Every structure is written in structure tokens, then in C-alpha cells.
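In: Kindly return the folded structure for what I paste below:
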Amino acid sequence: MQRSWFLTFVIILFTWNCVVSGPDASLKTWERFSKRDYPGDKAFLYDNFPHNFMWAVGTAAYQVEGAFQKDGKGLSVWDTFTRGGNRIATGDVGSDSYHNVEADIRALRQVGVTHYRFSLSWSRIFPNGSRGSFNEIGTNYYRTLIQKLKEINVEPVVTIYHWDLPDNLQRTFGGWSDPVLIELFRDYADFCFQTFGNDVKYWITIDNPFVVSWNGYGTGKVAPGIKNDPDLPFKVGHNLLKAHAAAWHLYNRRYRSHQKGKVSMALASHWIKPSQTRRESVRACQRSLDFVLGWFARPLFTDGDYPPSMRHSLSHRLPSFTPAERLEVNGTADFFALSHGPSLSYQLIDDSLKFNQIEVLNLRMLLYWIRAEYNNPPIFIVESGWFVQGEVQTEDSKNMYYLKRFIMETLKSIKYDGVNVIGYTHWSLLDGFEWHREYDIRRGLYYVDFNSHNLKRRPKTSAHFYKKLIQMNGFPLLPENRAAQGVFPCDFAWGVSANSIQVETTPTQFVDPSVYLWNASGNGELMRLQRVQPFRRTPHCADYASIRQQVKEIHQVGVNHFHFSLNWSSLVPSGNVSQPNTTLLGYYRCFTSQLQQANITSMVTLWHHTRQRSSLPAPMEAAGGWLHNKTVQAFVDYARLCYRELGANVKMWITLNEPNDDDVSFAEGHQLLRAHALAWRAYDREFRHTQGGQVSLVLHMDWVEPAFSFSQDDMEPANRVLDCRVGWFSEPIFGSGGYPPRMRNWFQQRTSVDLFRFHLPIFSVEDRQLVRGTYDFFAISHFSTQLVTPTIEENKLVSTLGVQYMGDITWIMSPRPNAPVVPWGLRKALNWVEEHYKGVAIYVVANGVQEDPARFVDSLRVYYLYNYINEALKAYTLDGVNLKGYFAYSLNDQRDPGFGLYSHVQDEAITKASLSQYHDIIQLNGFPIQGTAASALQCPSQPLPCSGCLVLAKRHVVGFLCMVGSVLLFTLWVIIYYTVKRQSR
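Out: Residues are numbered from 1 along each chain as shown. The predicted structure is shown next:
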């Protein structure tokens, strides 16, 4: 009975394992991640790793040791391989770690890792590959290294074989193609366990057997460079697996009980995604992983045999395991040692192994696939990271952000996906010889000057980042990363923006003045009466259906402000304000009056800069555009026209929208500043006292963050960009009246060395006085954030500001190129304005994200608006920024495709999810603290006009008829009253 219960338990456990692991479970990986919450699942995760998580860094002997044939070292296959063919460089010196143990130990101590992965050089310990050639001096090098590691409390993770096979074994036996190497490797491993094992708790027998087999003995891309035998890679892989198993069993029998270590084989893999949504594409992805990772992982972790997909496709090439060999190989890994990075990905994976699918970088999905495929083993990532080009020195921003991305994906796999990851190893500690890429790329945390006498090491930005991350044990949630709670002031301007409005200059109501007779008893048709004087009336603003519809849509958002732009070239086609388009002007007048009646304040832009086409009247454009003084004067005249005709309904004016665009020259910018100032002063002198409005301009202000900020000097490139992008217009108006000193100094320096021919105009005393102080508020449009670095990589063009723009690859990406979702950038932009121009009133007049217009549940925009508005609240409540208003961009997709809160299907407005959320935030006036006195704060609401007043205001004819009807009813009542009274007498 007891035995039957035990068997039942075993069967249940086996069945459960089959459900949560195995090929079918791993096949669901792609589907699982396609259904994850978006964009929440992509958002940065602030959390810590487990307290005992292993933080490591790694190197390989041939890459860094150098000391070619020093102290009795024998040749390896890499020593001979690098001297053949068309190869240029060798690893004879590498990073010269053999002579720089102290420098390497110092680097490890500075970074603060808990583990250091390095490999033993087989040919340094056994120069000809066998125990009989034992080299004491070479062995002592590793004894010293391990002892030094122990002194700084860093645990060694030792790789017994990392691709550098003794050349004698290759020449004598043909290398790993001969099974004799299984016993030779077992004997070599035995020596390593015996000699170093008391101080080593983690062993890697063989690194990346796929590269050794496929590229060493198949494609010939790496040592020993053998190719043209299609069967040889699989024979080599077979021998590598059996050699590993022999070493594992040896350790298990002789050493484990007293050394207490763990042994595994480092397996590398890429990641791949389906090229199509069909099931066949997913199965092709599974085959790709089977042929690269499963080739070695399935024998070790599943059943001691190769994946069925390999067996099916390679039946005549793939060696077979006997039943005894399957038992010998299966289970010979104490943890899953995973290698991930450019040693394999995008480098040494043939297209044939991708099965027409798409290779991508996704460590998190790979980790989950391993969990599902191999029953959730403990995973030690023993190699990860990326690279920079060989000319890059210590400012390796790209490498740092790839490191951040891979660690973030690892953290999410632990916290979200339940993957048992126990450690992470960044590759590598030092720049070194990068195999088939030689010295073209660098992967180290420490820059090695290969031209210096002692190969001096210097920490890179990635080293500083990794050190900080290890100290924090991840990405802990800091106060500035928490969502804020609180509300905006009661007079806060909640708005929505649009580049333009829909214009229909023909009224759609009462356009036919004729009189008709209704044939009610007949066919029901309307018959036009001839010779009847038609009723004619002056068109009213409410006659425009397009205005009614747009005002209705704006009102439904719940905002109290609406920002849109006029079209100068349409309002004054000739450029002469004495010849305006009166019909269009009347339409704009109606639109703003209807907004005013709906208690919505208009913010109107006079000139909206567009890259695609000129927005100037054709004669102005033909005369030289903004470079001509006549255009400036024409703009001032146009501004006066708009102030005069629309000013009664408009209380906020924008002279210029985003004039600080990259394609605007400095000479044009100078003229634009003068045009703005003259238009502002015209309003101030002639209209402000009667209209009571405000005037300013809108500056485009995406935030610019240093790619790294470990010193004050690192801030200089970002400050330069902000001064040259934003300060270009803000400093003359809101500050000193001239261009920022940093901007002027930069372009003077550039011009002096004749790199660029950009001459910044000089403000005359008159112009300085004209421009300075011409504002009533500071308005910005903000959409995204960029990183800048002074290091120019990969032959990229140097910008005029001497920086390279880049992004953090952990940010959520939007469909718009180079426009990631970075909410904290808005808070920093607002603080920049406050720091430069203390106390100025600030409006964010455009903030939004592009998304597929077909997505009515626009989850990216929902996430965007919530988080950006929350960062604006932090700027107001925590930082003391005088923020007066926030405008979401934009109203609908018709005018601003992909940005709208409304979509339209066959002229029907469709409310998106983001509109509902924005409406709710407005109703709460922010993010009130629930259950406290703060949540009870209520702002006085605008008095709503009575329904009758609304009828009279919006439907003039209906209102008139109602009034006449009321008079008739009152008259009838009087007649009846007096008739009844007379009869009673």
C-alpha cells in the first residue's frame, strides 16, 4: 500500500512536470509574451535581486592572458589559427593579464563583484595536452590568481576549457573529432579539480560547445578553422558532451563530497521570433533553438538524447547515444550555465539555423523558454553583455545601456516570470582579443590601452554603472520614482491641442432660403412654392455643423482650454492685411466665440512652423521668407489683424509655435525673435488694456539627458544642447536679451577651426531692448527625451553640437522614430525652465504620443498621459515649479494622425480609452490622496447656463420661436382669465 502511494506520487509529479515543462510548454513562450500587458510589461521595473544573487564578471584565457610561450606555455589552436589565412592580429599579448594580476585584482575590487569567471589555459598547464607535460610555473599563475581572489572575498568561477585546445592534440588526433580527447579532457579536469578544487565552488567544464563544433569544425570561422565536412560538427559536439559528462561524474565521485562544488557546461544561445503569426513560424523558431541550444541542453537536462527535430532532420549525420551513454550524459549539470551575447548572437549563427525566422535580442524570453523547456533549472548567466567599436575608449555609453537592458530583463524574468536565475556575469572585465573580431570591438568594463607599455587599465562608464548597480543589488524604488499624489491649483488650465481645426466656410444649416409646402396627406414630399419671397437671414455661428461638432468634442474631454493654430497663408493669401479672407476670418471668429460660450478659453497660435511646407503667404516666401524684413513687418500687421478681429474671444495668444526647430537657420531665428517681439509689443500697447489677454511663444523642449553622469563634466554636452536648442530663443526673451554664452562660445570655437560655418547674429542694443521681456508666460511643447554623449561611435556623423544622440534601450519605444516614452523628462524640462527663469508661469501646451490610430484602446497613450501628468504634478508640488497648465496633444487623428484622443470612422468620432482617462484626471484635478482631507478638496465649478439660455445661445431660430410661443401662451392665459372673471360677475 505504501509503495502504491509512492508510485502514484511519482506519476503525479512526472505528469505535472510534463505540463509545466517540455517542448509543448516552451512552444507557448512566444504566445505568452505576445499577450503581456502593454506597455506596463515594458516599463522599467524598480526592484531588487534576491539577497544571495551572484554578481560576476568574466574573461577567457586566450583573450586576456598574453604571455605567448612564456614560462613553458605550449601552443594552442588559437596561436596557430591567428597566424594563418588573412588574419591580422593575434592574442600573443592580449591584455597581458599574466603579468598584471595585481591590476586585474584591483579592477575586480573596484567594481565590487562577488564572483569572477576566468578560464584555465590547457596548454599553459599541460603544454602538449597530457599530464606528462605538466608545467608548474603556469599552474602557479592560477594558484596565485585564486589566492588573490580569496583575499578580496571574490569567489572564482573556473572554466576548464574555453576554446584554446593544445595545438599538439589538434595535430596529433584531429582535436575534438577523435574520441580519445574524452579521456584526455577527463584527466586534465581531474588535475584541475585536485589542484584548485578546494577554493572553487563553481566549475564550467566546456564553454559554448556550439561555437567549438559548428564554427571551429564546420564553418571554420574560429580555431581550429576546419571546414567542408558537414558531418564533423556533430561528431565533435558528440565528443564534447561525453567529455563533459566524464568530467562531471569524476567530480561527483571523487570531489563533491568534500569540495562542495557545482559543475556545469556553458551553453550559448540566441533568441528568435516568428516572421509570421502562423503556427509553422513558431515551430520554426523552436527548431532554431533546438539546433543551437537544445543540441547540448536536451542531452544534459532532459533525456540524454538530441532534440527530436534534430533527429528528424539529421538522422544520417547525427551520432547516436547508446542507452548507457544516455544515462551517462543525462543529468550532468548542477545548474544551467547560460551564455548570451555577441560571442554568438548576430555573429556565429548561420542563416540556415534561423529557419527563415528573425533573430532578435531578448534575454528575458530566452530565460523563460529555458524554464519551460528544462523544468525550471537554476540558471547562472555566465556570459552576457554587448560591445562598442575598437576606437571607443572609456565613454562606452552603448555598452552600458545594453548592460542595463540585460540586467533589467533578468530582473523581470525573476519577478514576473518565476525564472530561477541565481547569478549574472557581465562579459568582460577587460578589453581583449575578441576571437574572430580580433581588436575591432571592445567588451571590457575596463579600457585597455594596447599601445601603452604596461597595457594600462582605466574604468569605463559601464564599470561605474555596474559597480553602482551591484551596490544597490538592482534598481530599488527611489522616492522620485514613486507616483505622486496630490492636486493642481483650482485655476489650473486643463487643455487639449491641435495643429489646426477643421474649416468649412459654408454654413450647413438654413442654407436654402426657399419656402416649401409639405404634402402630408399625399406622398409626403416637400413642394417648393414659386413666387414666394424667400426668408433671408444673416448666418449665425451656430449654423456651422463643423464648429458645433468640434466644440462638442472638445467639451466632452472636460478641458477648459483649447489650443489651435491659424493659417496665415490662408487668412492673408497676398500678405497684405488690407485684403484678408473675410470668410475664413469670420469662421475663426465663430469658432472662438462658440468656445467662449462653452466656457473654454482659446489659445491661438498665429504662425505654426511646419517642416513639410511653408506656412508663409506665397509672396512672403518668394521674397526670401523670414530673412526679409518685409516678412517681419507683414507678420506684425497680420498679428494686429487677428488681435482686432478675434481678440474679444481669445485671451491667450501664441505668436510663434516651435520656431526653435533644427531646420531653422540662425539668421531666420534672429528675425523670428524680432517678429515675436514686435507682435508682443503691438498687443501690449494697442490691445491689452481692452482685451486683457496674454501673449507669448511656444518652444519645442524635448529633454536632453547626459548618457552618463558620473562627474560634473559629463553634464556639459547636455547643457550645450539645451542652451543651443531652447536657450537660443528663451534667453533673449526671458533672460539677458542675448544668446546664451555657452551657445555663442561653442559656435565661435567651431567657426574658428572651420569645422562649421555657423555664424550667430549679434543683437544690437536696440534689438536687445526690443526682444527682452516680451512674454506673459513660458510655453513649451514636450514629447520625449534623448540621451547625448560626446563620444561618436560607428562612423556616425558629428552633429553641429559635437554630440551623438542615443536612447536608453530599456525605455518604452513608441511607433514614432526616436521618440521613446520617458515621463521623468517632462519634470526635468520644467525644472530647467524654473532654474533659469525663476517664478515664470509655465504652460505645457502640447504633450502626447503617437500610436496606431486603429487602436481605440490606446494603452500606450493611457500610460503616457497618466505618467507624464504625474511627473508634472511632482514638478508643481515637490519642486515648486509655477506650472499653470497642461494640454494633451492632440484632439483627434483627422488633424494630427496617430496622436488623437478621438479617432474617426466614416466621419463618426470614436472616443479612445485615453480620452476617458484624461477626462477622469481633469475631474479629480490631478491625483488626490484617497481617504484623506486632501481628497475632499473641491474647486468651485463654473456656473452652468440654464438650458433655456443654452438653447437661445446656440439655436437662435428655435429660441425665437420658443419666445413667440411663450408670448402667445401668456396672451391666451390672460384672455381666458378675464373671460372667466367677467362671467363670474
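In: where's the residue most central in space within the chain relative to residue 43, distance?
Out: By CA atoms, centre = their mean, the chain has its centre lying nearest to residue 811, at 2.8 Å. Going from residue 811 to residue 43 by CB to CB, to the nearest Å gives 9 Å. C-betas here are computed from N, CA, C, even on glycine.
In: One more: residue 314?
Out: Residue 314 is 43 Å from residue 43, by CB to CB.
In: Which stretches in the stretch 551-700 of the chain count as helices?
Out: Assigned by DSSP state H, counting those that start in this stretch, the stretch 551-700 of the chain shows helices spanning 568-571, 582-597, 618-622, 629-646, 666-686, 688-691.
In: mind putting the ones you listed in TSV, mean neighbour count and mean pLDDT included?
Out: Shown next, in TSV, are the helices of the stretch 551-700 of the chain (neighbours: other CB atoms under 10 Å; pLDDT from 0 to 100):
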stretch	mean neighbour count	mean pLDDT
helix 568-571	19	95
helix 582-597	19	96
helix 618-622	16	91
helix 629-646	19	97
helix 666-686	20	97
helix 688-691	13	98
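In: Out of those helices, flag the one nearest residue 489.
Out: helix 582-597 (22.2 Å; CB to CB).
In: nearest to residue 707, of the helices of the stretch 551-700 of the chain?
Out: The nearest among the helices of the stretch 551-700 of the chain, by CB to CB, is helix 666-686 at 26.5 Å.
In: mind checking which of the helices of the stretch 551-700 of the chain is nearest residue 145?
Out: Of those, nearest to residue 145 by CB to CB is helix 666-686, at 58.6 Å.
In: The closest one vs helix 629-646, what angle?
Out: 40 degrees (axes from the mean of the first three to the mean of the last three CA atoms, to 10 degrees).
In: List the contacts of helix 666-686.
Out: Applying CB atoms under 8 Å, 6 or more residues apart in numbering, the set of residues contacting helix 666-686 from outside is 606, 625-627, 629, 631-633, 635-636, 639-640, 643, 653, 655-656, 659-660, 664, 693, 695-697, 728-729, 732-733, 758-761, 767, 770-771, 774-775.
In: which of those residues count as buried?
Out: 606, 626, 631-632, 635-636, 639-640, 643, 653, 655-656, 659-660, 664, 693, 695-697, 728-729, 732-733, 760, 767, 770-771, 774-775 (16 or more other CB atoms under 10 Å).
In: re earlier: contacting residues for the residue lying closest to the residue nearest to the centre of the chain once chain neighbours are set aside?
Out: Once flanking residues are discounted, residue 811 sits nearest to residue 820: 3.9 Å by CB to CB, 6 or more residues apart in numbering. For residue 820, the contacting residues are 784-785, 807-808, 811-814, by CB under 8 Å, 6+ apart.
In: For residue 444, find the nearest of the helices of the stretch 551-700 of the chain.
Out: So among those, helix 666-686 is nearest, using CB to CB, at 41.9 Å.
In: The helix or strand that contains residue 169 - contacts with which helices or strands?
Out: Element membership of residue 169, judged by DSSP states H and E, is helix 167-173. Secondary-structure packing of helix 167-173 (3 or more CB pairs under 8 Å, 6 or more residues apart in numbering; DSSP states H and E): helix 77-81, helix 180-196.
In: Using CSV, write down the CA coordinates of the longest one.
Out: Which is helix 180-196. Provided in CSV are the C-alpha atoms of helix 180-196 (Å, rounded to 0.1, in the frame of the first residue of the first chain):
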residue,chain,number,x,y,z
VAL,A,180,40.5,9.9,-27.5
LEU,A,181,40.1,13.5,-26.3
ILE,A,182,37.3,12.5,-23.9
GLU,A,183,39.8,10.7,-21.7
LEU,A,184,42.5,13.3,-22.1
PHE,A,185,40.0,16.0,-21.1
ARG,A,186,38.8,13.9,-18.1
ASP,A,187,42.4,13.6,-17.0
TYR,A,188,43.0,17.3,-17.4
ALA,A,189,39.8,18.1,-15.5
ASP,A,190,40.9,15.7,-12.7
PHE,A,191,44.1,17.6,-12.3
CYS,A,192,42.2,20.9,-12.1
PHE,A,193,39.7,19.6,-9.5
GLN,A,194,42.5,18.2,-7.5
THR,A,195,44.7,21.3,-7.7
PHE,A,196,42.3,24.1,-7.4
